[in-house]
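Student: The following comprises the amino acid sequence and a computationally predicted model.
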There are 2 protein chains.
Amino acid sequence: MNKINIGLIGYGVVGQGLVKLVNKRRRYLRSKFQVEFIFKTVCDRSLDKKDKAPLETAKCTNDFREILNDPEIDVVVELIGGMNPAKTIIEEALKNKKDVITANKELIANCGKELFALAKAQRCHLYFESSVGGGMPIIQMITEGVAGNTFYKLYAIINGTCNFILTEMTKKDISFSQALEEAQKRGYAESNPTLDVSGMDSTHKLAILAYLAFGKFIPVKEIYTEGITHISHDDIEYAESMNLAIKLLAIAKRENDELEAHVYPTLIPKDHPLASINGVFNGVYLTANPLGDLLLSGEGAGAMSAASGVLSDLLNLASQGDDADFHRNIFSEGADLKVRPLDSIKTRFYLRFMCIDKPGVLAKLTGVLGEHEIGINSVSQRVHNRASAVPVIMLTDYTTEQNLRMALTKIQEFGDIIKSKPVAIRMENLT
Amino acid sequence: MNKINIGLIGYGVVGQGLVKLVNKRRRYLRSKFQVEFIFKTVCDRSLDKKDKAPLETAKCTNDFREILNDPEIDVVVELIGGMNPAKTIIEEALKNKKDVITANKELIANCGKELFALAKAQRCHLYFESSVGGGMPIIQMITEGVAGNTFYKLYAIINGTCNFILTEMTKKDISFSQALEEAQKRGYAESNPTLDVSGMDSTHKLAILAYLAFGKFIPVKEIYTEGITHISHDDIEYAESMNLAIKLLAIAKRENDELEAHVYPTLIPKDHPLASINGVFNGVYLTANPLGDLLLSGEGAGAMSAASGVLSDLLNLASQGDDADFHRNIFSEGADLKVRPLDSIKTRFYLRFMCIDKPGVLAKLTGVLGEHEIGINSVSQRVHNRASAVPVIMLTDYTTEQNLRMALTKIQEFGDIIKSKPVAIRMENLT
């Protein structure tokens, strides 16, 4: 029997889920994996307010150094999230030759490069499966499952909250704020949902996936990020009528020695497998050579999903020898890719203008688009009952981001005919 | 640099694909994985008819014992398929303390239990990722990616040929034989397609997946198997009109201490992610605890997909120490589950009867179904132009397989009103 002493730092919902899961599966883990996981010490700032019964004989503390300095602890599981003190904890754990498991996407996205270098130098394992997609094993899939492939494109739905909101808006004909409220009611969105709905959470996760797939850490600041707060029910209805779905996509593409990475709401064809990833499900669609296209989808949100990912990390750790060869592929950067700036990328756009209903408006809009060399593929205006503003919808041909931005800035200046900020949603055919 | 000497047995399309892939990626594999794969000896019965240039300095032979008895060879890659001599090769390789990689689904399905026991006793690795879903890493996902989960349900599209044929029939309004011809033209189906279209290939793969997910090898003979040759274009059209898709599903479910496993064409809801797995794509949908639902999909067919899976196996092997702990979870059977006989399972059915157009026919059919306690959920008869036989379509309520079989046997005896064998397709709501 392989006995592994765990120091658990962070006893929130995921930490509690992990302890319950390991307790419940103890017999199964012994018989199937010949492993015994022991929670030796658990550290949390507010342990007294939490259910300590599942911790059984574990030592409780609010000082994480009791874990970091305990030579009997083999692996540190960091589940407090955020940049600090999580970074200090992981660094000191590695310096003390302890293996580390973390679910901390923000930290890996921002400091993965130095943490991986430290782990490599210390010959320690650093696992982080739950940092992206919860327990859905996307990290293992990229780094081991299809190791040896080269990747070209990655399209990912990696924020369950946003995907739930967009799905609710589509299926129940409700507004963004109604759908957000429903998400909060069900515990899928925080009371402060900014990190999710702004797209930032997806950006952290994309930085990690893009590193694993393409071998380059793109600074989070350089990943253009747009959330879903401006998506109206009108947009979803128009999308449906064109057999398209709106998804918050995290996108990374490699072309020769250039890499691009962005997060934004995207119109995709309804018959693409990503379009049927609904609710809190996550989905990652990869194009690889020689394997071709690959999709992994699963429940990427929730405490038990994350706990499941940490347990997989623990089991993979338990099966490793003392030799850190296994994760060497994570520790090596790939080709030196340049990050392609958004401005130069060509995309097709869905545009929605809320206009006053007056002759000449359309001419003015199309005039400005024409000046910026933006071809228009289709235009539609909705039937209306003398509403103060009517939506005008256009689909453009391929155009650069820069041209579009300049055109929209100019159009916004027509305060007399444009009643609110134009909405632009990018389209991807995903091929 | 980790140097690994490979003995490759079988230089057909997958073997040739593997050699080309490794040659092409040699620099990448060195820099990212610090590994050098050397094809030391290649064995094939008809090497002289094949392109030997990619083999460079490899020794060529038609006697596999030259590989098995070579102490310098670390790993034997078996790509000849079939039961014999593949079984002898793998057994002798393991006895000679060589690690083994195989893509041989038939062999693992039938002899996995003894081969795993031998590998464990010899403390050797036995990898077989490409035996199911080509390079789509379903085996690693179940055994490592979500290790620690317990599984309840597995629905799998694991034969690219059948999925391609059903997709073509749906999208192009063509018959089974036209679609099969197209599949053969594109190289997706063998000139003798029996193993694929009979469902047997899926059955081999299901035996492997069910073992990995549920810990029990079900004898291939005990897996009820039905192919797709009896599916007509009419059936697909009816399915479409009910917002259903027909897929050849490999199904395994666990309920308490019972396990059921079958392969048959299945009607599934169009909005389920499996319904959008089209063409030669494979897809495996798993229900796990605590992770919930999980879908992996990818191009499961083709030489390069299989070669990609073998390369992943090689890389995973290279990252292991000499200690075979890692795959111990594959080597241990799970709970002692009983195999549930098909007869006792309750299912809903789609039924198609080709009847003569005469009063009283419907009464006769429904009478027999009623006698066997089969409730009818809906009936429809197609508009027709005095055709000699008209299709009558029924959807049943849940009924046992046994009752349905008895009813259909009786109905078939009505030679005067039933013009051909009734078609019964099972329905699954996949929840």
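Tutor: Here it is on my side, so go on.

Student: Any stretches of the stretch 301-431 of chain A with poor pLDDT?
Tutor: Regions of the stretch 301-431 of chain A meeting the criterion pLDDT under 70 cover residues A:321-335, A:383-387.

Student: how about the helices in it?
Tutor: Ranges of helices within the stretch 301-431 of chain A are A:303-319, A:328-331, A:361-371, A:401-412, based on DSSP state H, counting those that start in this stretch.

Student: Over to the stretch 151-300 of chain A?
Tutor: A:160-172, A:176-185, A:194-197, A:200-214, A:233-241.

Student: Now tabulate the ones you listed in TSV and tack on mean neighbour count and mean pLDDT.
Tutor: From N, CA and C alone the C-beta is placed, and that goes for glycine too. Output for the helices of the stretch 151-300 of chain A, formatted as TSV (neighbours: other CB atoms under 10 Å in any protein chain shown; pLDDT from 0 to 100):
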stretch	mean neighbour count	mean pLDDT
helix A:160-172	22	96
helix A:176-185	17	96
helix A:194-197	19	94
helix A:200-214	25	96
helix A:233-241	17	93
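
Student: Any idea which of those helices gets closest to chain B?
Tutor: Closest approach to chain B among those is made by helix A:160-172 (10.2 Å; CB to the nearest CB).

Student: For the stretch 51-200 of chain A, which residues are neighbours of chain B?
Tutor: Within the stretch 51-200 of chain A, the residues that sit near chain B (CB under 8 Å from any CB of the partner chain) are A:134-137, A:140-141, A:144-150.

Student: Report the buried residues of stretch A:70-87.
Tutor: Buried residues in stretch A:70-87, counted by 16 or more other CB atoms under 10 Å in any protein chain shown: A:D70, A:I73, A:D74, A:V75, A:V76, A:V77, A:E78, A:L79, A:I80, A:G81, A:A86, A:K87.

Student: mind checking the end-to-end distance for that stretch?
Tutor: In stretch A:70-87, first residue to last residue: 18 Å (CA to CA, to the nearest Å).

Student: Relative to the whole chain's centre, how far out is it?
Tutor: Its chain's C-alpha centre and that of stretch A:70-87 lie 22 Å apart, by CA atoms, centre = their mean, to the nearest Å.

Student: quick one: contacts of that stretch?
Tutor: Contacts of stretch A:70-87 with the rest of the structure, by CB atoms under 8 Å, 6 or more residues apart in numbering or on different chains, involve A:4-12, A:14-15, A:18, A:40-41, A:64, A:67-68, A:89-90, A:93, A:98-104, A:106-107, A:110-111, A:115, A:310, A:314, A:317.

Student: any idea of the mean pLDDT in that stretch?
Tutor: The pLDDT scores in stretch A:70-87 average 97.

Student: what pairs with A:V423 across the strands?
Tutor: A:V423 has these beta-bridge partners by DSSP bridges: A:R352.

Student: Am I right that it is in contact with A:R352?
Tutor: Yes: judged on CB atoms under 8 Å, A:V423 makes contact with A:R352 at a distance of 4.3 Å.

Student: still on that earlier bit, wait, which of the helices of the stretch 301-431 of chain A is closest to A:S378?
Tutor: Of all those, it is helix A:361-371 that lies closest to A:S378, at 11.9 Å by CB to CB.

Student: Buried ones in the closest one, by neighbour count?
Tutor: By neighbour count on 16+ other CB under 10 Å, the buried set for helix A:361-371 is A:V361, A:L362, A:K364, A:L365, A:V368, A:L369.
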